[in-house]
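**Q** starting from these lines, generate the structure:
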Amino acid sequence: MNKALSKLDHIILLQKVTQLSKEDLFMCNYKPRLSFLQKVKLKHYTKQRLNGKPIAYITNSKEFYGREFYVNKNTLIPRPETEQIVNKALSIEKNPKSILDIGTGSGCLAVTLKKEFPKASLTAIDISSKALIVARKNAKHHNAKINFLKSDYLSKVAPKTSFDLIVTNPPYIEKNNTNLVSPETKKYEPHQALFADQKGLGAFQEIFKQIQQKNIQFHHLIGEFGFGQKPALELLLQQNFKGCSFEFFDDLNQIPRIFLITKHGT
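**A** Residues are numbered from 1 along each chain as shown. Reported below is the predicted structural model:
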């Protein structure tokens, strides 16, 4: 075993190769008897990992909000920070009737919200057909009934549609500052879902513009944004959502990460 591979990565790859549980691997001191084919696979996966390929793309699996989701190179790998969107939704909504997820990717947010709010009608949109294949796969696996729609943000959403809750985790990393992400992320994860123009705010500008032009109604809108973007984003919110209240919340590293728009009188 190459010493550069972490013990955790080694255990995860052993699980993928052997299909053994963590308990079974522990019982054999993480040294299960492998067949020739399993040894070949383990060597192949190890080489991929040592070359920088994210472990989630090797195993095609990532946990989000206590559930396992299928992921591949066509979707971002779900991050713990994004779970705060779910936490915030649960704290402000008790029984939403309709939810919209803009830029669903792997579908982790849409599926999770559908499981947490089973009575809600949930629509999830993405511009990527390949990402929607992944999202549908995850919805089917978790038995979550979701209406998936291929759309450039809200372009295919009917005017004057009303939602109790809108959530979004769009691309928000500045295109000209790709060093803000790790080399691993930059090399393997889909750039369309990572980078945006206008100093990373281009996606938000388009989403907010479409909401106004199409007169999309909502009660709450929760979104995730990037490092250092709070001042510019706050100005953008004030320009687009007059009469609404705004709140910002930090991530686990005390960095502003989540915004909440509350529309009053709806």
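**Q** so who does Leu235 touch?
**A** By C-beta atoms under 8 Å, 6 or more residues apart in numbering, no residues touch Leu235. For the C-beta atoms, the positions are set from N, CA and C on the backbone; glycine is no exception.
**Q** how much space between it and Leu201?
**A** Distance from Leu235 to Leu201, counting by C-beta to C-beta, to the nearest Å: 10 Å.
**Q** check Leu149 too.
**A** 24 Å.
**Q** who's more crowded, these two?
**A** Leu201 (21 against 16; other C-beta atoms under 10 Å).
**Q** could you find the closest non-adjacent residue to the more buried one?
**A** Nearest residue to Leu201 in three dimensions, chain neighbours excluded: Ala232, at 6.0 Å (C-beta to C-beta, 6 or more residues apart in numbering).
**Q** buried ones in whichever helix or strand Leu132 is part of?
**A** Secondary structure assigned from DSSP states H and E places Leu132 in helix 129-141. Residues 131-132, 134-135, 137-139 are the ones in helix 129-141 that count as buried (16 or more other C-beta atoms under 10 Å).
**Q** and those as JSON lines, adding pLDDT and distance to Tyr57?
**A** Shown next, in JSON lines, are those (pLDDT from 0 to 100; distance: C-beta to C-beta, whole Å):
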{"residue": "Ala131", "pLDDT": "97", "distance to Tyr57": "14"}
{"residue": "Leu132", "pLDDT": "98", "distance to Tyr57": "18"}
{"residue": "Val134", "pLDDT": "98", "distance to Tyr57": "12"}
{"residue": "Ala135", "pLDDT": "98", "distance to Tyr57": "16"}
{"residue": "Lys137", "pLDDT": "98", "distance to Tyr57": "15"}
{"residue": "Asn138", "pLDDT": "98", "distance to Tyr57": "15"}
{"residue": "Ala139", "pLDDT": "98", "distance to Tyr57": "20"}
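**Q** from the residues you listed, which two are the most distant?
**A** Farthest pair in these (C-beta to C-beta) is Ala131 and Ala139. Separation: 12.5 Å.
**Q** quick one: low-confidence parts of the stretch 51-200 of the chain?
**A** For the stretch 51-200 of the chain, no stretch has pLDDT under 70.
**Q** and the strands in it, which stretches?
**A** 62-64, 67-69, 98-102, 121-126, 147-150, 162-168, 173-174, 195-196 (DSSP state E, counting those that start in this stretch).
**Q** thought Gly105 was touching Asn72?
**A** No - the criterion here is C-beta atoms under 8 Å, and Gly105 misses it with Asn72 at 11.0 Å.
**Q** of those two, who's got more company?
**A** Gly105 (28 against 16).
**Q** which ones are touching that one?
**A** Applying C-beta under 8 Å, 6+ apart, the residues contacting Gly105 are 75-76, 126, 128, 131, 134-135, 169, 193.
**Q** closest to Phe36 among these?
**A** In terms of C-beta to C-beta, no member of these lies closer to Phe36 than Val134, at 32.1 Å.
**Q** how near is the most centrally placed residue in the chain to Leu109?
**A** Ranked by distance to the mean C-alpha position of the chain (C-alpha atoms, centre = their mean), the top residue is Pro78 at 4.4 Å. Going from Pro78 to Leu109 by C-beta to C-beta gives 8 Å.
**Q** again, but for Phe117
**A** Where Leu109 is concerned, Phe117 sits at a distance of 12 Å (C-beta to C-beta).
**Q** tell me which of those two has more neighbours.
**A** Taking neighbours as other C-beta under 10 Å, Phe117 and Leu109 compare with Leu109 leading, 30 against 21.
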